[in-house]
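K.L.:
3D, please:
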Amino acid sequence: MTDVVTVDEHGRYRLRLERHLDHARSEVWRALTSVRCPPRLAQVAPRADPPRLLEYRTGDTAVRWEIADDGRAGSVLVFTQVCGSRQDGVDEMGWWLTALEVLGEWLDGDTHTDFPRRARCMIERCRCAFG
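P.N.:
As a prediction, the model looks like this:
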């Protein structure tokens, strides 16, 4: 697991989350496409190259999932988000950290998660840490 937050030369926030998963790329793709996006991205047409790439763009925000085989039976998921404002970056960081946790749980067969509550808690933690 690797999590990195950076600010580029234009002041945009970039979140990069990497997860090693014990599931094939095709399984990750199926689960990934069932994870809810934040409401402001839900209506944006994605760019997709199944089962390797899924990307959404709207305004100054871009989210991207890349899935690669890990050379064994699993895969590596790299999620990136670029957004123009600090507050959006901090709030959405909590959303995406939760989404990746839930994605891993779904892949492991646990479909009984309280995503909204967990996301609110993680967003608050991110606000405290980075706000």
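
K.L.:
Arg86 - how many residues pack around it?
P.N.:
Neighbourhood size, Arg86 [other Cβ atoms under 10 Å]: 14. Glycine gets a C-beta too; all of them are placed from N, C-alpha and C.

K.L.:
change the start of the numbering to 605 and stick with it
P.N.:
Done: numbering now begins at 605, and the last item shifts to Arg690.

K.L.:
any idea how far it lies from Ile727?
P.N.:
Distance, Arg690 to Ile727, using Cβ to Cβ, to the nearest Å: 14 Å.

K.L.:
hey, what's Ser660 bridged with?
P.N.:
Let me fix one detail, which is that residue 660 is Tyr and not Ser. Counting by DSSP bridges, Tyr660 forms beta bridges with Val667.

K.L.:
for the residue nearest the centre of the chain, give me its contacts.
P.N.:
Against the mean C-alpha coordinate of the chain, by Cα atoms, centre = their mean, the closest residue is Trp700 at 4.2 Å. For Trp700, the contacting residues are 619, 621, 667, 683, 685, by Cβ atoms under 8 Å, 6 or more residues apart in numbering.
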